[in-house]
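Peer 1: Starting from these lines, generate the structure:
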Amino acid sequence: MSWNMGPGMHDCPSDQITQLLRSWGQGEKAAIDQVIPLVYSELRRLADSYLRRERPDHTLQPTALIHEAYLRLAAQRNEWQNRGHFYGVAAHLMRLILTDYARSHLTSKRGSGDRKLPLHEDSLASTTHPEDLLALEEALAQLAQVDERKCRILEMRFFGGMTPEQTAEALGISGPTIRRELRLARAFLRQQLTLSGNFHST
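Peer 2: Coordinates of the predicted model:
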């Protein structure tokens, strides 16, 4: 697969991307090759957003992260609703990929002891340590069990760097609902991280 920069999500008609995604979901192989250049710039933005929060010596580069996410996307048979739905699933897969890498990194180090870091407004999405990423992943998994939509909102906004408008499009809900759900999701996540002993409130 050649990862050439496409025109970007705002330079291509939304209905064109949506139609190609739906054709992809219906099993048309040619649609995959057509849609990837059109969505590449947004996938790159998502990858950059995630990797900015990783440790400085992280070996996974944006292109490799996009490629791994693409392989997982291509293996699925989603009935894509629109491009927002596609980007939302892509953001979720990127987080899972980076969590796998963090877990592998910790295993190779044989652990490095417990960490207690300040939990403030920005720390939910600004951690660069594998231990912190895994603690966040566990808290997000707990949130997903309680309310999967809140988990997806938090994931898209904090970790994927998606705008409220993009998040609303991906989930098919309104902007005010996004803001309300996000407040509740953040409160839940802070509570879980505090109870786990991995973080403490400032």
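Peer 1: contact partners of stretch 80-90?
Peer 2: When contacts are taken as Cβ atoms under 8 Å, 6 or more residues apart in numbering, the neighbours of stretch 80-90 outside the stretch itself are 9, 14, 17-18, 21-22, 24-25, 39, 42-43, 46, 69, 73, 76, 78, 152, 156, 160, 162, 166-172. Where you see a C-beta, it was placed from the backbone N, CA and C, and this is true even at glycine.
Peer 1: quick one: average confidence on stretch 52-69?
Peer 2: The average pLDDT for stretch 52-69 rounds to 78.
Peer 1: Find me the pLDDT at I173, would you?
Peer 2: At I173 the predicted local confidence, pLDDT, stands at 90.
Peer 1: What is whichever helix or strand L38 is part of packed up against?
Peer 2: With secondary structure defined by DSSP states H and E, L38 is part of helix 29-51. Counting by 3 or more Cβ pairs under 8 Å, 6 or more residues apart in numbering; DSSP states H and E, the packing neighbours recorded for helix 29-51 are helix 14-25, helix 62-74, helix 83-109.
Peer 1: so how far is that helix from its chain's centroid?
Peer 2: Distance, stretch centre to chain centre, for helix 29-51: 13 Å (Cα atoms, centre = their mean, to the nearest Å).
Peer 1: re the thing from before, among the helices and strands packed on helix 29-51, which comes closest to Q145?
Peer 2: Distances from Q145 to each of these were compared using Cβ to Cβ; the shortest belongs to helix 83-109, at 15.2 Å.
Peer 1: Lowest mean pLDDT among the helices and strands, pick that one out for the protein.
Peer 2: Among the helices and strands of the chain, strand 117-119 carries the lowest confidence by mean pLDDT, DSSP states H and E, at a mean of 38.
Peer 1: So R152 sits against L171, correct?
Peer 2: Yes - at 6.4 Å, R152 and L171 qualify as touching, with contact defined as Cβ atoms under 8 Å.
Peer 1: Give me the more crowded residue out of these two.
Peer 2: The residue with more neighbours, out of R152 and L171 and counting by other Cβ atoms under 10 Å, is R152; that gives 23 against 19.
Peer 1: what about the more buried one, which helix or strand?
Peer 2: Under the criterion of DSSP H and E, R152 resides in helix 148-154.
Peer 1: For the next helix or strand after that helix, which outside residues touch it?
Peer 2: Heading C-terminal from helix 148-154, the first helix or strand you meet, by DSSP H and E, is helix 164-171. Residues outside helix 164-171 that contact it (Cβ under 8 Å, 6+ apart): 82-85, 87-88, 149, 152-153, 156-157, 162, 174-175, 177-179.
Peer 1: Perfect, I'm done here.
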